[in-house]
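[1] kindly return the folded structure for what I paste below:
(chains A and B)
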2 protein chains.
Amino acid sequence: MVVWMGTTLTSYTVTSDDTVEAKSLSGFAWAPNDGRVFNWHPVLMSFGLLFCSSQAILIFVTKPYSHHVNKMIHVACHTCAIVSVIVGLVAVVRFHNEHDIKNFYSLHSWIGLATLLVFASQYALGFLAFFYPGVQVKLRMLLVPYHIGLGVGIVALVGITTVAGVMEKLMFNRSCNLHGTLDGLKVKGYQSWDCVLGNTIGLLILVAVLSLASAIWLSKHSPSVSEDRTSDHDSDSDDRDETKPLLKDTALKDDSKHN
Amino acid sequence: MVVWMGTTLTSYTVTSDDTVEAKSLSGFAWAPNDGRVFNWHPVLMSFGLLFCSSQAILIFVTKPYSHHVNKMIHVACHTCAIVSVIVGLVAVVRFHNEHDIKNFYSLHSWIGLATLLVFASQYALGFLAFFYPGVQVKLRMLLVPYHIGLGVGIVALVGITTVAGVMEKLMFNRSCNLHGTLDGLKVKGYQSWDCVLGNTIGLLILVAVLSLASAIWLSKHSPSVSEDRTSDHDSDSDDRDETKPLLKDTALKDDSKHN
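    Residues are numbered from 1 along each chain as shown, chains lettered A, B, ... in the order given. Reported below is the predicted structural model:
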């Protein structure tokens, strides 16, 4: 996304005599009325909602540290995401206002706003229930599956909104399927480098969403767990149950070693 | 989607004197060189991958009948989806070829193709492993979590591709953010009815994906199950485990009552 916005972003215009004019829109800036303010939007949104939030989720899939440490990393990554998303949102609204472009008319903006609302609610509820001030263990246990279930759903929403954004930019810039005379050569159905890169980014988002959703599911349903469960229902069979870490955490809290 | 394609689909062109010309593209046809052949594409794709496949998944969430009957409905719905998708794919390729439009240049087409490949693989593997000829119970138990995990991921891919498709159509038709003279009135940043409907459909897809992903998760992790599991690990605690129905099915099979 950084490479796309930073170096290859180009807008194509076809003039009345069929000449394709290429105008570079790449690079980053934060100066007033600089069009490159926009370019922070895709970079920060995908850094926050795709990269940071994926890491926040994956920490509970791989579980490399103690439950308490993993939880701190989970909250920290999602907080990074929130900060990144707020600046990314400011970037696009500022760009629109400075260039007299209407806000929130496209499908990308509608579903983006809906996604942000769901994400922000999930963050606020998660923060209050599991982190600070935190609720009773019984209630937290009750909330955990809803938190994860909604989380899986939000992974999908983020994927939908990001791809819609990539798509919107490609269509605005007319980067795909160009007809006319480009750099002295006659082209028909020409896909610019910008288009190929944008489409590839879209495919990578698809792979990321598919992998993440499957990884979350499998972390709770590895075949070994299923086999254990059908055998003798010993206590080992609940080793990867989502309620277990919560209880571990509570045990640690009772010992006054954490939090 | 049917209402959109059937009655409101309109393409807007802005002429050199800033007049916005509206041309209806709505309705359905299957005659050679009729542009309305295209309109079957969004309708059939979303009927297959959103409606039929959702029903196929939901039958295992709500579990209204015996495991055997639910499974038959699951396979039947997904088979409906496959048939619908094939005709929908034929419609768009035929439309492109008849109107000299390049195939597979847009992001929607790239991610759509990737989604269809993953969906077809999942269908083929699921059919062979769980339906006909079917593999050993131990191996099926091993495969179930992968089948469901990938299924949740595919729900997200379908959402991404569908919204990208809606978006593409809206941008092609210039239905949103129109400037110029429309029906004698001066408009600026005008959103046509077509655009509002398309954006609303996009939001509904978002809600559907969020609900479906969360519903799948919660069907396997209802709070009551979590509570049961932490209590005494009795056999009731595995009532909603995904391996249980498989074994039930096998028991039925052994009695030579089914299949």
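[2] what separation do you get for A:E21 and chain B?
    18 Å (Cβ to the nearest Cβ, to the nearest Å). Glycine gets a C-beta too; all of them are placed from N, C-alpha and C.
[3] over to A:N97?
    In terms of Cβ to the nearest Cβ, A:N97 sits 13 Å off from chain B.
[4] what does A:V61 give?
    A:V61 sits at a distance of 12 Å from chain B (criterion: Cβ to the nearest Cβ).
[5] for the stretch 51-200 of chain A, which segments count as strands?
    A:178-182, A:185-190 (DSSP state E, counting those that start in this stretch).
[6] minimum distance to chain B: which of those strands has it?
    The closest of those to chain B is strand A:185-190. By Cβ to the nearest Cβ, the value is 4.0 Å.
[7] the closest one vs chain B: in contact?
    Yes. Under the criterion of Cβ under 8 Å from any Cβ of the partner chain, chain B is reached by strand A:185-190 at A:G189.
[8] where does the stretch 151-259 of chain A dip in pLDDT?
    A:223-259 (pLDDT under 70).
[9] and A:Y132, what's its pLDDT?
    A:Y132 is assigned a predicted lDDT (pLDDT) of 89.
[10] how much space separates it from A:K220?
    26 Å (Cβ to Cβ, to the nearest Å).
[11] who has more neighbours, these two?
    A:K220 (19 against 9; other Cβ atoms under 10 Å in any protein chain shown).
[12] how close does that one sit to A:L157?
    21 Å.
[13] A:F28 is in what secondary structure piece?
    Counting by DSSP states H and E, no helix or strand carries A:F28.
[14] burial of it, as a residue count?
    That count, for A:F28 with other Cβ under 10 Å as the rule, works out to 15.
[15] now swap in the one 10 residues further on and tell me
    By other Cβ under 10 Å, 22 other residues sit near A:F38.
[16] assumed A:P32 was part of a strand.
    No. Per DSSP: H, G, I helix; E, B strand; the rest coil, A:P32 lies outside any strand segment and is coil.
[17] can you tell me if stretch A:210-226 touches chain B.
    Yes. Looking at stretch A:210-226 against chain B by Cβ under 8 Å from any Cβ, the contacts come from A:210-218, A:220-223, A:226.
[18] contacting residues for A:F172?
    When contacts are counted by Cβ atoms under 8 Å, 6 or more residues apart in numbering or on different chains, A:F172 touches A:S11, B:M171.
[19] which residue is the nearest non-sequential neighbour of A:W40?
    Computed as Cβ to Cβ, 6 or more residues apart in numbering or on different chains, the closest residue to A:W40 that is not its neighbour in sequence is A:A91, at 4.1 Å.
[20] ok, now how distant is the one you found from A:I101?
    A:A91 is 13 Å from A:I101, by Cβ to Cβ.
[21] hey, where'd the helices end up in chain A?
    Secondary structure of chain A, counting by DSSP state H: helices at A:2-3, A:40-46, A:53-62, A:67-98, A:107-126, A:137-173, A:193-220, A:223-231, A:243-254.
[22] what angle separates the third one from helix A:67-98?
    This points to helix A:53-62. Orientation note: helix A:53-62 sits at an angle of 160 degrees relative to helix A:67-98 (axes from the mean of the first three to the mean of the last three Cα atoms, to 10 degrees).
[23] rewinding a little: A:A91 and A:I101: which is more packed in?
    A:A91 (22 against 13).
[24] distance of that one from A:K188?
    For A:A91, the distance to A:K188 - Cβ to Cβ - is 36 Å.
[25] just give the number of residues close to A:Y123.
    18.
[26] whoops, A:I201 was the one
    20.
[27] doesn't A:V166 make contact with it?
    Yes. At 5.8 Å, A:I201 counts as touching A:V166 under the criterion of Cβ atoms under 8 Å.
[28] and the stretch 1-150 of chain A, which residues reach chain B?
    A:102, A:105-108, A:110-111, A:114-115, A:118, A:141-142, A:144-146, A:148-150.
[29] pull out the buried positions in stretch A:136-150.
    By neighbour count on 16 or more other Cβ atoms under 10 Å in any protein chain shown, the buried set for stretch A:136-150 is A:R140, A:M141, A:L142, A:L143, A:V144, A:P145, A:Y146, A:I148, A:G149, A:L150.
[30] check stretch A:112-132 too.
    Buried, per 16+ other Cβ under 10 Å, within stretch A:112-132: A:G112, A:A114, A:T115, A:L116, A:V118, A:F119, A:Q122, A:Y123, A:G126, A:F127, A:A129, A:F130.
[31] with stretch A:62-74 instead?
    A:H67, A:N70, A:K71, A:M72, A:I73, A:H74.
[32] and stretch A:187-196, how far out from the chain middle?
    In this view, stretch A:187-196 has its centroid 27 Å away from the chain centroid, taken as Cα atoms, centre = their mean, to the nearest Å.
[33] nope, stretch A:146-164 is what I meant
    8 Å.
[34] swap in stretch A:9-21?
    Computed by Cα atoms, centre = their mean, the chain-centroid distance of stretch A:9-21 equals 33 Å.
[35] for stretch A:107-115, same thing?
    Between the centre of stretch A:107-115 and the centre of its chain there are 13 Å (Cα atoms, centre = their mean).
[36] one more: stretch A:62-77?
    Averaging C-alpha positions (Cα atoms, centre = their mean) puts stretch A:62-77 19 Å from its chain's average.
[37] just the C-alphas of that stretch, formatted as PDB.
    The C-alpha trace of stretch A:62-77 is given here as PDB (Å, rounded to 0.1, in the frame of the first residue of the first chain):
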ATOM      1  CA  THR A  62      -0.100 -18.200  18.600                       C
ATOM      2  CA  LYS A  63      -0.100 -17.400  22.300                       C
ATOM      3  CA  PRO A  64       3.700 -17.000  22.700                       C
ATOM      4  CA  TYR A  65       3.700 -15.500  26.200                       C
ATOM      5  CA  SER A  66       1.600 -15.700  29.300                       C
ATOM      6  CA  HIS A  67      -2.100 -14.900  29.000                       C
ATOM      7  CA  HIS A  68      -1.600 -11.600  30.800                       C
ATOM      8  CA  VAL A  69       1.300 -10.500  28.400                       C
ATOM      9  CA  ASN A  70      -0.700 -11.600  25.400                       C
ATOM     10  CA  LYS A  71      -3.600  -9.600  26.500                       C
ATOM     11  CA  MET A  72      -1.500  -6.400  27.000                       C
ATOM     12  CA  ILE A  73      -0.100  -6.900  23.400                       C
ATOM     13  CA  HIS A  74      -3.700  -7.400  22.200                       C
ATOM     14  CA  VAL A  75      -4.900  -4.100  23.700                       C
ATOM     15  CA  ALA A  76      -1.800  -2.200  22.700                       C
ATOM     16  CA  CYS A  77      -2.000  -3.300  19.000                       C
END
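[38] what is the burial count for the nearest residue to A:A29 once chain neighbours are set aside?
    The spatially closest residue to A:A29, leaving aside those adjacent along the chain, is A:R36, at 4.0 Å (Cβ to Cβ, 6+ apart). Neighbour count for A:R36, taken as other Cβ under 10 Å: 19.
[39] these two touch, right, A:R36 and A:F28?
    Yes. Using Cβ under 8 Å, A:R36 is in contact with A:F28, at 5.7 Å.
[40] what comes up buried for stretch A:207-227?
    A:208-210, A:212-223, A:225-226.
[41] wait, isn't A:H99 in contact with A:G35?
    Yes. With contact defined as Cβ under 8 Å, A:H99 counts as touching A:G35 (7.0 Å).
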